[in-house]
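>>> mind folding the following:
(2 chains)
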2 protein chains.
Amino acid sequence: MAADALAGLIAELPEGTVVTDPAITEGYRQDRALDPTAGKPMAVVRPRRTEEVQIVLRWATAHQIPVVTRGMGTGLSGGATAVDGGIVLTTEKMRDIVVDPVTRTAVCQPGLLNAEVKKTAAEYGLWYPPDPSSYEICSIGGNIATNAGGLCCVKYGVTTDYVLGMQVVLADGTAVRLGGARLKDVAGLSLTKLFVGSEGALGVITEVTLRLVPAQQPVSTVVANFPTLESAAQAVLGVTSRLRPSMLEFMDAATINAVEDKLRMGLDRGSAAMLVAASDERGRAGSEDAELMAATFAEFGAGEVFSTDDPDEGEAFVAARRFAIPAVEEKGPLLLEDVGVPVPALADLVGGIARISAEREVMIAVIAHAGDGNTHPLIVYNPDDVAMTERAQVAYGEIMDLAVDLGGTITGEHGVGRLKRPWLDGYLGPEAMALNRRIKDALDPQGILNPGVGV
Amino acid sequence: MAADALAGLIAELPEGTVVTDPAITEGYRQDRALDPTAGKPMAVVRPRRTEEVQIVLRWATAHQIPVVTRGMGTGLSGGATAVDGGIVLTTEKMRDIVVDPVTRTAVCQPGLLNAEVKKTAAEYGLWYPPDPSSYEICSIGGNIATNAGGLCCVKYGVTTDYVLGMQVVLADGTAVRLGGARLKDVAGLSLTKLFVGSEGALGVITEVTLRLVPAQQPVSTVVANFPTLESAAQAVLGVTSRLRPSMLEFMDAATINAVEDKLRMGLDRGSAAMLVAASDERGRAGSEDAELMAATFAEFGAGEVFSTDDPDEGEAFVAARRFAIPAVEEKGPLLLEDVGVPVPALADLVGGIARISAEREVMIAVIAHAGDGNTHPLIVYNPDDVAMTERAQVAYGEIMDLAVDLGGTITGEHGVGRLKRPWLDGYLGPEAMALNRRIKDALDPQGILNPGVGV
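Residues are numbered from 1 along each chain as shown, chains lettered A, B, ... in the order given. Sure thing, here's the model as predicted:
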């Protein structure tokens, strides 16, 4: 019967849109979370236009078939984990973009890479700020589905701050236009913002209108090593209470060593922590910020402080920070955490993670967008070691519990997906969870959109 | 029966919370839109705490009594128009605020004035940017209910960009906490953003967590007069394509003359338009921006250009702009429009409004937050002149139709309220309107929250 249904869908869409070859569909079962519970989809669908997405969803509603929407599959929480007998709808073929330099907006389809949006904007002297570490390989649609963050958020905010409008296809196939190329528009409910971060659970976004800003100024960069976690955490507070850096990143000793193992760039292996900070204020102000940050780092006990106004020289350290996840991944597969706390709780969080690491006997390297309190503890484990895998999973949960106890969140920028779903109720509480469900049920009454994800 | 019900509510709340004295309740029937269709509420309720709001809404749900939530009553679209037999819930007694300078956030109750939030933030060297012209008399809760804008939005965005979390009481009395003092938090749907701009139709916001930023730098200001509307509109485009002003305001000839009538500050009565622009970039960059804006204005045909790095001198012109509405109001009662268009359509919009003014024989003065395309045509009429009142109302609708034809919105920052409700369906279209209704029905199934407003 499912085969009959699928034949109907294949007939309605352009040739090649529906793929059932297992050799291909296998590659669409999991995102980077590599969720072992991923199911086998009956097909992968690769639409090119909104109308084709409508056909898919009308069909899915008629046959009550689950639809998992997927960008480039770089998600880290299992937000694009395939469901048995469902379909995976990939936006990878939807790649148009038009920039309007006068209104400083871009209208684009979801399948473009974040880096491609940035590059196209740059051709007009404009900038799309959000910069997840994966920006060269992740799709803008995935960014919007997860309300992705990145390194620049400490100054520039997150993805939702740049989404002015969209076209979205609802579960029943209705296409809806929301917002548009207007900085101000308060007619009707703020539905554009509701769909940002909804992880494919409310609809399929087929086009977005993004706000762009003038090109970033050349950055001044400061790098410092700290003898203790506490001194580094205090230095973060010192900086954020004095100025507004455009980046303020943290790496712990395990991360520093993993990066140095690969890059051999002379990082101080003996440091407890390293901070990489930047200012993109105009003219002299950027250098002044860098000087103030360098002085602040020294004041809070930094052992070595390096400061540069040369963007390329600074970029080497940012590259080291961006390289942290692959570098730690060399030690073994990762459970990649994404907890956030208010900045003053950063030292308690990182200290607590060290205790969890010792207690559960798993390596946990910590990197953080320290300026906004968003950390990525990287739990290294050996999947062939069943006991260790269990300990790693216990640690994964304990880190979330710790973050919540410290006033934080279970996910700062990666999304709930499937992996964090068991912690969502506890974090949100029954009232907020019920409200989430009410919205979900109103928009997707059959529950066909990314079931088990997000809400 | 309504009296019996009310007695029950009075008994449940602290003494003085429920007011039924007609001499007092009369003052709560209308906001500044002075909607003539406003009803007579059975009572005004002035809660001080979230728990009291819960009592009110549980009671209202039990008795199916409409609840109109109201801040300081400065709304311009009739978003706080009382309903016959309903209650008006005013947040004016809810006035606590706590600023945390380390996380740069403020937790505050909705009844504080916008100016009080700014002032308290300033005590910590911080700044809450959104600045509706009414900032000295409007409440922060009202700002959030309407997703209010202001003069700084061209650079700093609108209210929603500064709301990180809230506590909201739903129609059935359930209190829900959403978000919090975290720049990044993607656990669950983006419900905080959904409530911003919901005009009291989805719940009653009883506490908000606001994002603050470092204090604004001293501004450099440029003022220029233009011989034609077109030259001024082109100059706006010239500026926004070259830099990022912190303010870019427009006044037409009628407004200039109305302000000059009152302030006698030497404005050029013969100009077709005046632009007031500012830059708050740090150090030399602010002056450089001002110089570039002055050169741009001259290039596009400005007759006279005045530039100053003295904040007080600049503030005089901003004050003139802020004084525009009361100045024009001296000519007669106003229908205050709030349409927005993409910036390149500004000249067409202002030109079209001049045609509507001539055709309908009503004075329409135009002020605009030109940098983001948000205009406030001020339609002057005599309410004792029935024919003129009708012509003014026709013009009010025609201006919205014109804005929509130009790719704009029926309301940029004031909200839909009751006055613009008849145009909402046409603007949003049936699909988006149905989606709005689905959300409304899911959250307020009895329709007791601000019936007839917003959605």
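>>> could you give me the buried positions within the lengthiest helix in chain A?
Longest helix of chain A, by residue count under DSSP state H: helix A:421-443. Buried residues in helix A:421-443, counted by 16 or more other C-beta atoms under 10 Å in any protein chain shown: A:421, A:423-424, A:427-428, A:432-433, A:435-436, A:438-440, A:442-443. Every residue, glycine included, has its C-beta placed from N, CA and C.
>>> what distance separates the start and the end of stretch A:185-194?
Taking C-alpha to C-alpha, to the nearest Å, stretch A:185-194 runs 15 Å from one end to the other.
>>> now swap in stretch A:447-455 and tell me
The straight-line separation of the ends of stretch A:447-455 (C-alpha to C-alpha) is 11 Å.
>>> now it: mean pLDDT?
Mean pLDDT, computed over stretch A:447-455, is 94.
>>> give the buried residues for it.
For stretch A:447-455, by 16+ other C-beta under 10 Å, it's A:448-455.
>>> same check on stretch A:24-32?
A:25, A:28-32.
>>> just stretch A:286-305 next, same as before
Applying a neighbour-count criterion of 16+ other C-beta under 10 Å, one finds A:286, A:288-290, A:292-297, A:300, A:302, A:305 buried in stretch A:286-305.
>>> part of a strand, is A:I256?
No: using DSSP: H, G, I helix; E, B strand; the rest coil, the secondary structure at A:I256 is helix, not a strand.
>>> so is A:A295 in a helix, a strand, or just coil?
Quick answer, by three-state DSSP: A:A295 is helix.
>>> show me the contacts for it.
Contact analysis of A:A295 by C-beta atoms under 8 Å, 6 or more residues apart in numbering or on different chains lists nothing.
>>> hang on, A:I364 in a strand?
Yes: A:I364: assigned to a strand according to three-state DSSP.
>>> just checking, it touches A:A395?
Yes: the criterion here is C-beta atoms under 8 Å, and A:I364 meets it with A:A395 at 6.6 Å.
>>> list the residues that contact both of these two?
Shared contacts of A:I364 and A:A395, defined by C-beta under 8 Å, 6+ apart, are found at A:356-357, A:379.
>>> ok, so of the residues you listed, who is nearest chain B?
Closest to chain B out of the shared contacts of A:I364 and A:A395 is A:I379 (19.1 Å), distances taken as C-beta to the nearest C-beta.
>>> correct me if wrong: that closest one contacts A:L334.
Yes: here A:I379 reaches A:L334: they are 6.4 Å apart, a contact under C-beta under 8 Å.
>>> spit out the residues that contact those two alike.
Here A:I379 and A:L334 have no joint contacts, going by C-beta under 8 Å, 6+ apart.
>>> now the strands for the stretch 201-350 of chain A?
Ranges of strands within the stretch 201-350 of chain A are A:204-211, A:213-214, A:220-226, A:247-252, A:273-279, A:304-308, A:334-336, based on DSSP state E, counting those that start in this stretch.
>>> got those as a markdown table, with distance to A:D401 columns?
Rendered in a markdown table, the data for the strands of the stretch 201-350 of chain A read as follows (distance: least, C-beta to C-beta, whole Å):
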| stretch | distance to A:D401 |
| --- | --- |
| strand A:204-211 | 32 |
| strand A:213-214 | 38 |
| strand A:220-226 | 27 |
| strand A:247-252 | 20 |
| strand A:273-279 | 23 |
| strand A:304-308 | 35 |
| strand A:334-336 | 15 |
